[in-house]
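**Q** for reference, the sequence and a predicted model appear below.
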Amino acid sequence: MGKSKSWHSIPEYNALRAVMQAGTTTGAARQMGLSQSAISRSIANLESKLGRVLFEREAGRLSPTEEAVRLNRRLDPLFEALNRIDGPTEPVQETLRLIAPPTYAHRFLVSSISSFLTMNPNFFVSFEVNTSEEVTRGIFEDRFDLGVTGVELSRSELKLLPYRKTQAVCVMPREHPLANRAEVLPEELDGERLIALTHRHARRGQLERLLHQARSDPRIVAEVSTSFAAADLAKAKLGLAVINPFPLYHYRSDDLAFVPFRSAIQYHSYFVTSDTRPVPRIARAFMRHLRLNTPTDPFSQRG
């Protein structure tokens with residue numbers, strides 16, 4: 001009896017994932033220790049069984065089709081199970097290439113990386129702190145495996161995985177006249193000293209439109225590029241700020257008052273991964289670790 005069209009082959013699945021990672025059959029062959037013809041044959045066999053094209057050639061590289069991306073996602077549980085069954089007897093160090101902007105990096109992710117590596121001593125993390133734009137570019141160019149950001153992305157080759165969602169708050173010194181309110185209304189900011197985020201933040205324009213509609217005219221006393229800087233200036237009693245409290249709340253709640261700001265302003269935090277390459281096991285493990293160990297706070301919830 002011949003092999004049915006639905007017969008599965010682990011070596012062919014391995015070839016698929018290797019080509020997705022390397023971008024060429026030559027690179028995949030080098031990675032797997034096989035010949036280029038063996039890799040090409042495995043991909044051709046897999047395409048024949050599925051009746052689908054899995055790769056298209058673009059500028060000398062093999063670009064995975066949507067069918068290849070979907071298949072690769074479905075293969076993740078299989079390869080995780082195989083790793084548990086017949087993984088190496090000696091520990092193998094895996095490296096996570098992680099990137100995040102300063103708001104998430106300082107203190108918050110540093111603490112999470114520390115606990116993650118304590119629980120997984122055979123893992124290694126290479127961590128870069130950079131702008132949200134560099135997070136996008138770094139994942140796209142395969143310089144990083146995982147990013148954390150609060151910025152919506154437009155590249156089709158990248159995937160956003162929801163992490164946290166948060167409502168806007170007013171952050172201010174504890175002795176501020178608005179600090180004991182259950183919530184702050186936009187019109188109550190009229191005449192208040194306001195520490196604003198710079199105009200490169202989309203939320204700056206959203207806040208200005210909201211205040212204009214409420215006929216509220218606060219006095220902007222400073223502009224900053226991060227929520228942490230805004231909170232530090234509020235702590236110095238320069239004024240108040242409308243910000244995303246996550247993850248800032250976990251490190252400033254003893255020093256400042258955080259009061260909900262009545263508005264439709266919402267913030268979303270995401271994990272950023274490639275949508276065309278397999279997500280490494282260590283990246284998936286770190287995402288699980290972060291989701292499980294993120295402290296609760298009054299203003300944010302799972303995305």
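**A** Here it is on my side, so go on. Residues are numbered from 1 along each chain as shown.
**Q** name the nearest residue to residue 61, ignoring sequence neighbours.
**A** In space, and not counting its chain neighbours, residue 61 is closest to residue 23: 4.4 Å by C-beta to C-beta, 6 or more residues apart in numbering. No exception for glycine: its C-beta is placed from N, CA and C like everyone else's.
**Q** tally of neighbours for that neighbour?
**A** The number of residues packed near residue 23 is 19, by other C-beta atoms under 10 Å.
**Q** again with residue 292
**A** If we define neighbours as other C-beta under 10 Å, then residue 292 has 7 of them.
**Q** you'd agree it is in a helix?
**A** Yes. The assignment for residue 292 is a helix, going by DSSP: H, G, I helix; E, B strand; the rest coil.
**Q** low pLDDT regions in the stretch 51-200 of the chain?
**A** The model of the stretch 51-200 of the chain has pLDDT under 70 over residues 82-92.
**Q** now the helices for it?
**A** 66-86, 102-104, 110-119, 132-140 (DSSP state H, counting those that start in this stretch).
**Q** need the contact partners of stretch 156-167.
**A** 136, 139-140, 148, 152-153, 244-246, 260-261, 265-276, 287, 290-291, 294, 299-303 (C-beta atoms under 8 Å, 6 or more residues apart in numbering).
**Q** so what's residue 262 up against?
**A** Neighbours of residue 262 in contact, by C-beta under 8 Å, 6+ apart: 183, 184, 185, 186.
**Q** go again with 6 Å.
**A** By C-beta atoms under 6 Å, 6 or more residues apart in numbering, the residues touching residue 262 are 183, 185.
**Q** how near is residue 144 to residue 279?
**A** Residue 144 sits 12 Å away from residue 279, going by C-beta to C-beta, to the nearest Å.
**Q** which of these two has more neighbours?
**A** residue 144 (25 against 19).
**Q** let me see the contact set for the residue nearest to the spatial centre of the chain.
**A** The centre of the chain sits closest to residue 271, judged by C-alpha atoms, centre = their mean, with a distance of 1.9 Å. By C-beta under 6 Å, 6+ apart, the contact set of residue 271 is 161, 163, 287.
**Q** would you map the strands across the stretch 201-303 of the chain?
**A** With DSSP state E, counting those that start in this stretch as the criterion, the stretch 201-303 of the chain has strands at 219-224, 241-243, 256-260, 266-274, 300-302.
**Q** likewise the stretch 1-150 of the chain?
**A** 55-58, 61-64, 94-100, 123-129, 146-149.
**Q** now stretch 237-244 - C-alpha only, CSV.
**A** Extracted as CSV, the C-alpha positions of stretch 237-244 are listed here (Å, rounded to 0.1, in the frame of the first residue of the first chain):
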residue,chain,number,x,y,z
LYS,A,237,5.8,69.0,42.1
LEU,A,238,6.0,70.6,38.7
GLY,A,239,2.4,69.7,37.9
LEU,A,240,0.3,66.6,36.9
ALA,A,241,0.4,64.4,33.8
VAL,A,242,-2.1,62.2,31.9
ILE,A,243,-0.2,58.9,31.2
ASN,A,244,-0.3,55.2,30.8
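**Q** buried ones in it?
**A** For stretch 237-244, the neighbour count (16 or more other C-beta atoms under 10 Å) marks 238, 239, 240, 241, 242, 243, 244 as buried.
**Q** thank you kindly, that will do.
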